[in-house]
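*Asks:* my questions are about this predicted structure, shown below with the sequence.
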Amino acid sequence: MNRGTPYFGHAALPERQREALRRAIRLEWITVSLLIITAALVLLVLGNSQAMKAAWIEDLLSFIPPIAFLIAVRLARQPPTRRHPYGYHRSVAVGHLVAAVALTAMGAFLITDSSIGLFTGKHPTIGTVNLFGMTIWLGWLMIAVMAITAIPPVIVGHLKLGLAKELHDKVLYADADMNKADWMTSVGTIVGVLGIGVGLWWMDAAAAIFIAISIVHDGVNNLRTAVVDLVDGRATTFDDKEPHPLSGRVDQYLADLAWVAEVGSRVRDEGHVFHVEAFVVPRKKRLSLDDVERARKECIAIDWKLQDVVIIPVSKLPGFVSKTADTSNKVTNRRGVQRLHLVSGDF
């Protein structure tokens with residue numbers, strides 16, 4: 001395999017996904033560069049504002065998702081080994097979990113720290129600085145920095161969303177979602193700084209709490225998603241809004257085969273790709289190995305994410321399929337074959 005060709009595990013990516021991966025990697029490096037500049041600018045004008053402190057810490061936390069993505073993509077390229085027979089795709093979920101824990105923990109700390117400042121009546125002050133021979137209130141520089149640095153992440157975040165869907169990458173989606181929401185942090189910080197300027201000292205702490213709550217919200221949502229994926233919850237779309245449609249497509253293909261009487265599958269989300277275990281009840285007692293192998297290859301050909309498919313002939317569907325399958329998911333195809341669909345996490 002060409003070492004310069006983007007791939008996940010032992011499966012080379014189609015050209016469309018190759019280009020998406022290249023663009024995603026470029027965008028994440030751009031994100032890291034922007035964060036370095038943003039964090040440095042915010043640090044220069046930090047002052048005593050709680051809101052500015054919270055915004056700066058959020059900038060530091062924002063390094064975690066892009067770095068996690070870049071590391072996970074590099075690890076996921078390694079082929080399966082005897083020690084890791086499923087490959088290294090779980091590195092995506094691990095990176096997702098690390099980012100979520102960091103966000104949640106730091107957000108909780110900021111809420112506590114800002115609340116103490118609010119309830120103890122700590123009055124922050126913003127002084128003046130000499131700039132080009134002029135004395136300027138530091139608050140104006142804070143506002144200018146927050147206004148300027150709020151724009152690039154929003155643009156980059158929107159660009160990442162489509163790529164996250166194309167690559168089925170939940171770390172990239174989490175990063176894009178955070179980037180899109182960065183404008184709220186900037187607006188909250190500006191409001192807090194202006195509050196200090198007009199004598200409403202409590203607005204600064206309130207803005208810091210607002211930013212911290214936003215961080216915790218992102219952290220908790222990503223933590224829930226990462227944990228569900230790591231404990232083999234049912235395969236969902238990249239944004240976790242609904243079950244992934246590929247599960248049904250595999251079942252439909254197998255149900256349409258002449259030698260299949262019943263089928264039920266469970267699908268495990270490994271990170272970028274899926275591991276599928278399809279249980280089939282054959283119509284005849286003697287089953288051709290060629291039929292099974294042909295069906296397995298055709299399932300893999302349905303989509304690049306289905307690189308690992310196992311077809312298991314059984315005399316009857318396993319109990320967890322027949323007992324817990326949702327009757328609303330039962331489908332009868334044109335030959336009268338019943339299809340039972342089950343994804344991991346439903347039993």
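*Replies:* Great, that's in hand. Numbers count the residues shown, from 1 in each chain.
*Asks:* does V309 count as helix, strand or coil?
*Replies:* For V309, the secondary structure call by DSSP: H, G, I helix; E, B strand; the rest coil comes out as strand.
*Asks:* and it, what pLDDT?
*Replies:* pLDDT recorded at V309 is 91.
*Asks:* any idea what it is bridged to?
*Replies:* Beta-bridge partners recorded for V309 (DSSP bridges): V276.
*Asks:* number of residues surrounding it?
*Replies:* Neighbours of V309 under the rule other Cβ atoms under 10 Å: 22. Backbone N, C-alpha and C define where each C-beta goes, glycine included.
*Asks:* tell me the spacing between it and R90.
*Replies:* Separation of V309 from R90 (Cβ to Cβ, to the nearest Å): 18 Å.
*Asks:* over to A51?
*Replies:* Taking Cβ to Cβ, one finds A51 at 38 Å from R90.
*Asks:* same drill for those two, tell me which one is more crowded.
*Replies:* Taking neighbours as other Cβ under 10 Å, A51 and R90 compare with A51 leading, 31 against 18.
*Asks:* how about the more buried one, nearest residue that isn't a chain neighbour?
*Replies:* Residue nearest to A51 in three dimensions, not counting chain neighbours: G192, with 3.2 Å by Cβ to Cβ, 6 or more residues apart in numbering.
*Asks:* again with T31
*Replies:* Spatial nearest neighbour of T31, chain neighbours left out: P66 (4.7 Å); criterion: Cβ to Cβ, 6+ apart.
*Asks:* from the contact counts, what lies against whichever strand or helix holds the one you found?
*Replies:* In the assignment (DSSP states H and E), P66 maps to helix 64-76. Here helix 64-76 touches helix 15-44, helix 90-119, helix 170-180, going by 3 or more Cβ pairs under 8 Å, 6 or more residues apart in numbering; DSSP states H and E.
*Asks:* tabulate these (JSON lines), appending distance to W201.
*Replies:* Output for those, formatted as JSON lines (distance: least, Cβ to Cβ, whole Å):
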{"stretch": "helix 15-44", "distance to W201": "21"}
{"stretch": "helix 90-119", "distance to W201": "9"}
{"stretch": "helix 170-180", "distance to W201": "29"}
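*Asks:* and the helices in the stretch 201-347 of the chain?
*Replies:* All helices of the stretch 201-347 of the chain, identified by DSSP state H, counting those that start in this stretch, fall at 202-230, 245-255, 289-302, 319-324.
*Asks:* only alpha carbons, please: show stretch 60-73 as PDB.
*Replies:* Taking Å, rounded to 0.1, in the frame of the first residue of the first chain, the C-alpha atoms of stretch 60-73 are listed here in PDB:
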ATOM      1  CA  LEU A  60      -6.200  26.400  26.000                       C
ATOM      2  CA  LEU A  61      -8.900  23.600  26.300                       C
ATOM      3  CA  SER A  62      -9.700  24.100  22.600                       C
ATOM      4  CA  PHE A  63      -6.300  22.600  21.700                       C
ATOM      5  CA  ILE A  64      -7.400  19.200  23.000                       C
ATOM      6  CA  PRO A  65      -9.900  18.200  20.200                       C
ATOM      7  CA  PRO A  66      -7.700  19.000  17.200                       C
ATOM      8  CA  ILE A  67      -4.700  17.400  18.800                       C
ATOM      9  CA  ALA A  68      -6.800  14.300  19.700                       C
ATOM     10  CA  PHE A  69      -8.000  14.200  16.100                       C
ATOM     11  CA  LEU A  70      -4.500  14.400  14.600                       C
ATOM     12  CA  ILE A  71      -3.200  11.700  16.900                       C
ATOM     13  CA  ALA A  72      -6.300   9.400  16.500                       C
ATOM     14  CA  VAL A  73      -6.100   9.600  12.700                       C
END
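*Asks:* quick one: mean pLDDT for stretch 179-186?
*Replies:* Across stretch 179-186, pLDDT averages out at 78.
*Asks:* just the buried residues of it, please?
*Replies:* Using 16 or more other Cβ atoms under 10 Å as the test for burial, stretch 179-186 gives 179-183, 185-186.
*Asks:* show me the shaky parts of this structure.
*Replies:* Low-confidence regions of the chain, defined by pLDDT under 70, span residues 1-12, 320-347.
*Asks:* buried residues, stretch 267-282. List them.
*Replies:* Residues of stretch 267-282 classed as buried by neighbour count (16+ other Cβ under 10 Å): 267-282.
*Asks:* now flag whichever of the residues you listed is closest to E28.
*Replies:* The shortest approach to E28 among those belongs to H272, at 15.0 Å (Cβ to Cβ).
*Asks:* residues contacting the closest one?
*Replies:* With contact taken as Cβ atoms under 8 Å, 6 or more residues apart in numbering, H272 is in contact with 8, 76, 89, 92, 167-169, 305.
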